[in-house]
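# Here is my input; please provide its structure:
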Amino acid sequence: MKNLPMLCLASLFLCNAHAQLLTVDPGASLTIQNGTQVHADGLTLIPSADLILSNVILSRSGTVIHTQVNPYISRVYQFSNTTNAFSGSIQINYNDGAELNGIAEADLTLNIHNGTNWAAYPAGTRDANNNFVLTNGLSGITLNELTLASQFAPLPLTWLSFTAKAQNNSQSLLQWTTTQEQNTKDFYIQHSADGVNWLTLGSIPAAGNSNSTTYYNYIHTNPVKGLNYYRIKQTDVDSRYSYSPVRMLSFTKTLHPFAILGNPVINDILTLQVNMPTSLAFYTADGKLLWQQQVNAGTKTIDVSRYAKGIYFLKAITTTQKVVIQ
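Here you go, the predicted structure:
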């Protein structure tokens, strides 16, 4: 069914300047089908894949819950619980005048808090005559808060360089330099086998405050066979962040039966790139076998939520790698 409005728009519930636009009770679910346009008080969601909502309240407020560095308008849409991954288009309509908080309409950009941090997404259409910003091509983004904010904000550092070099066809040496760091906190090293889906390999503390050139490096010991994409995500103490350019390396031979994509494991999902059919065995730090299974080549995900935080070991043939669950 197309152009399906949220039914609760017929009776808004106002409470402390918050308008509840949609409620999906615990145990119930609402499926927004691919291509359906859902309108809620100026917010339009157009998913390109079915979106299932459950145990969530969508409301509108004038202020954000999570700290936002960029100036934003007095129109914020908030989900009480972070949604499943959304792909598609999002449009936000706004009012002229005080709601803009002095932000030029030409600068308005969709900002989404995904339950962890904020990110800005380039607008597909800014229409100052009809007062809306439409953003297309969103992919796999969880939704917690949405607003329009200024696309311009001072970055917490200046990227000078970022290089990726193959060493002995067995490791990736990543090196980057920065300057003018202000309140920087961490660098997160991220890897992708397809340039789309990213996993964090590890992190390095940033300089904090420094006007001089600062040098950093990281070695990825288990690149996958074929293409390996790398980028660095920098965060600061105020939750702002920026990304380095993406670098790509190619490895021509299989180096290990498997590679861990993202270690430590921080979201209860252990992701592996399995390079050949093999038998995997998972052990505790004191050598107790927890499970063993035969796997085929490809990307494999393993739910480790039932295991306590700590150190484990994953073995295949002659390869043993440490797994840290956080």
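# Looking at strand pairing, list the partners for residue 58.
Beta-bridge partners of residue 58, counted by DSSP bridges, are residue 22, residue 79.
# Tell me how many other residues surround residue 287.
If you count neighbours by other CB atoms under 10 Å, residue 287 ends up with 7. All C-beta spots, glycine's among them, are computed from the backbone N, C-alpha and C.
# Check the gap between it and residue 306 for me.
19 Å (CB to CB, to the nearest Å).
# Over to residue 289?
Counting by CB to CB - residue 289 and residue 306 are separated by 15 Å.
# can you check residue 299 too?
Residue 299 sits at a distance of 21 Å from residue 306 (criterion: CB to CB).
# Which of the two has more residues huddled nearby?
Neighbours per residue, other CB under 10 Å: of residue 299 and residue 306, the larger number sits with residue 299, 13 against 7.
# ok, what's across the strand from that one?
In this entry, residue 299 is beta-bridged to residue 273, by DSSP bridges.
# residues contacting it?
193, 261, 271, 272, 273, 274 (CB atoms under 8 Å, 6 or more residues apart in numbering).
# pLDDT wise, what is it at?
Looking at residue 299, its pLDDT stands at 83.
# With residue 7 instead?
On pLDDT, residue 7 comes in at 37.
# May I have the secondary structure class of residue 99?
helix (DSSP: H, G, I helix; E, B strand; the rest coil).
# what number of residues lie near it?
14.
# Spatially nearest residue to it (excluding sequence neighbours)?
Using CB to CB, 6 or more residues apart in numbering and skipping residues adjacent in sequence, the residue nearest residue 99 is residue 74, 4.8 Å away.
# now that neighbour: how far from residue 118?
Distance from residue 74 to residue 118, by CB to CB: 17 Å.
# Compare those two (neighbour count), which wins?
Counted by other CB under 10 Å, residue 74 and residue 118 do not tie: residue 118 has more neighbours, with 22 against 15.
# Any stretches of this protein with poor pLDDT?
1-19, 68-69, 152-156, 238-241, 253-255 (pLDDT under 70).
# mind listing what the closest residue to residue 256 other than its chain neighbours touches?
Nearest non-adjacent residue to residue 256, counting by CB to CB, 6+ apart: residue 319, 4.9 Å away. Contacts for residue 319 (CB under 8 Å, 6+ apart) come out as 256, 257, 258.
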